[in-house]
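Student: Quick one, fold the following:
(one chain, ligands or ions: 1)
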Amino acid sequence: MTLAIGVDVGGTKVAAGVVDEQGRILAKLKRSTPAASPARTEQAIADVVTELLAQVPPDQITAIGLGAAGFVDSARATMLFAPNLAWRDEPLKQRVEERLGREVVVENDANASAWAEARFGAARGYRDVMLVAVGTGIGASIIIGGELYRGRWGIAGEPGHVRVVPDGRLCGCGNRGCWEQYSSGNALVAEAREFARRTPEGAMRLLQLGGGLPEGISGPEITQAATEGDPAALRCFQTVGGWLGQGLADLAAILDPACFVVGGGVSEAGDLLIDPARAAFERALTGRGHRPYAEIKVAQLGQDAGIVGAADLARQTTAPQTTAPSSPSSGPPGPGAFMRSTSTTNPATKAATAQNTANPDSDQCAAVATTR
Ligand SMILES: [Zn+2]
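Tutor: Below you'll find the predicted structure:
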């Protein structure tokens, strides 16, 4: 049995675990992130890894992976920008390797989570998957033909900033009308507070849970009220879930995945969010009624997904010979079919992979046909 260490580096905590080949976590550690200092964050990462290495025979650990919240470059070595950490063009891979004296593999945290869900969680067995993490904002990750699609510069999968309402709500990114302003934890809270201000007599339960003021209403209170059947809270989920489903239909028009996995904090509300999302998805899907519909599932691995995915990606990168061959073509693809195999890689993925290894400046324009 080979083991790998996965580290999930977020803005507030560094969580790490020893993960086996079936995606099970055998040991786990958590520390707060000294987010203001790149060097101290890197030391915290090295410290948790060192501590875990001491708990198992070192020769059993074949790989170490970091999933970090931010834009990781296409070489998977440099953290270009991290909104909640002090990393700016930080050579993260090199810095952590210097401290550990061992190779590490760096990945974006949403990519790590998506990989874990596709290998061991809600999307197990699917080769074309999109993970949409509905939290404070919207994060996303794309898997095509069983491989992560990272884009030319490593930062593909930011649909939260696709404009869905012209001149709509102002977004933290500086634009207006971004999807995440209508379908996220922040959007859910904004809906509830606005409703409570406008129609306090219809929002009595929400106001009661929020301490009497609209500003006191936050995500957990809305979920609680909706679970109790409160009409105002259910309406908020209908609105935000509706925007989610419409956005997923737009993404299906581009990527045609077999499965959407909805993760992030808001997904913990389960069917309260997913039922209206599915209904809106089916109403908005292009070609509806005459095509298969992608599945929309809630993420299964919760907060452990980042650890499991970072470990498994590192194992695949560091020791690809340990992966199993693809399963036979009969029946739905099993977990083995998901693993890397050049013989089953589709042409689009090959092109994307080739882009990173061949001439870096060629073949990077998307063709846009126009009738004008
Ligand atoms: Zn935006």
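Student: Work out for me the element the residue in the stretch 201-350 of the chain that the ion sits nearest to sits within.
Tutor: Residue of the stretch 201-350 of the chain nearest the ion, by C-beta to the ion: G247 (12.9 Å). The C-beta positions use only the backbone N, C-alpha and C, and glycine is treated the same way. According to DSSP states H and E, G247 maps onto helix 231-255.
Student: wouldn't A252 be in contact with L285 here?
Tutor: Yes. Look at A252 against L285 with C-beta atoms under 8 Å: they come within range, at 6.1 Å.
Student: Give me every residue in the stretch 151-300 of the chain lying close to the ion.
Tutor: H161, C171, C173, N175, C178 (C-beta under 5 Å from the ion).
Student: what about the residue of the stretch 201-350 of the chain closest to the ion, neighbour count?
Tutor: G247: 26 surrounding residues under other C-beta atoms under 10 Å.
Student: quick one: contacts for it?
Tutor: V132, P159, V162, V164, W179, S183 (C-beta atoms under 8 Å, 6 or more residues apart in numbering).
Student: Setting aside sequence neighbours, what's the nearest residue to the fourth one?
Tutor: Among residues not flanking V164 along the chain, W179 sits closest, at 4.8 Å (C-beta to C-beta, 6 or more residues apart in numbering).
Student: quick one: the strands in the stretch 101-250 of the chain?
Tutor: Taking DSSP state E, counting those that start in this stretch as the test, the strands found in the stretch 101-250 of the chain are 105-108, 129-134, 138-144, 147-149.
Student: would CSV of these with distance to the ion be doable?
Tutor: Below are the strands of the stretch 101-250 of the chain laid out as CSV (distance: least, C-beta to the ion, whole Å):
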stretch, distance to the ion
strand 105-108, 18
strand 129-134, 15
strand 138-144, 9
strand 147-149, 21
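Student: what's the most buried one of those?
Tutor: Of the strands of the stretch 101-250 of the chain, the one with the most neighbours on average (mean count of other C-beta atoms under 10 Å) is strand 129-134, at a mean of 29.
Student: relative to helix 231-255, how tilted is that one?
Tutor: If you take axes from the mean of the first three to the mean of the last three C-alpha atoms, to 10 degrees, strand 129-134 sits at 150 degrees to helix 231-255.
Student: low-scoring stretches of the stretch 251-372 of the chain, by residue?
Tutor: Flagging of the stretch 251-372 of the chain using pLDDT under 70 yields the residue ranges 319-372.
Student: Just list the residues touching the most centrally placed residue in the chain, thanks.
Tutor: Central residue of the chain (C-alpha atoms, centre = their mean): A110, 3.1 Å from the mean position. A110 makes contact with L131, A133, G139, A140, S141, G157 under the criterion C-beta under 8 Å, 6+ apart.
Student: thinking again about what came up before, pretty sure the residue nearest to V164 sits against E158.
Tutor: No. Assessed by C-beta under 8 Å, W179 is found out of contact with E158, at 9.9 Å.
Student: Who has more neighbours out of the two?
Tutor: W179 (28 against 18).
Student: And stretch 162-176, what's buried?
Tutor: V162, V164, C171 (16 or more other C-beta atoms under 10 Å).
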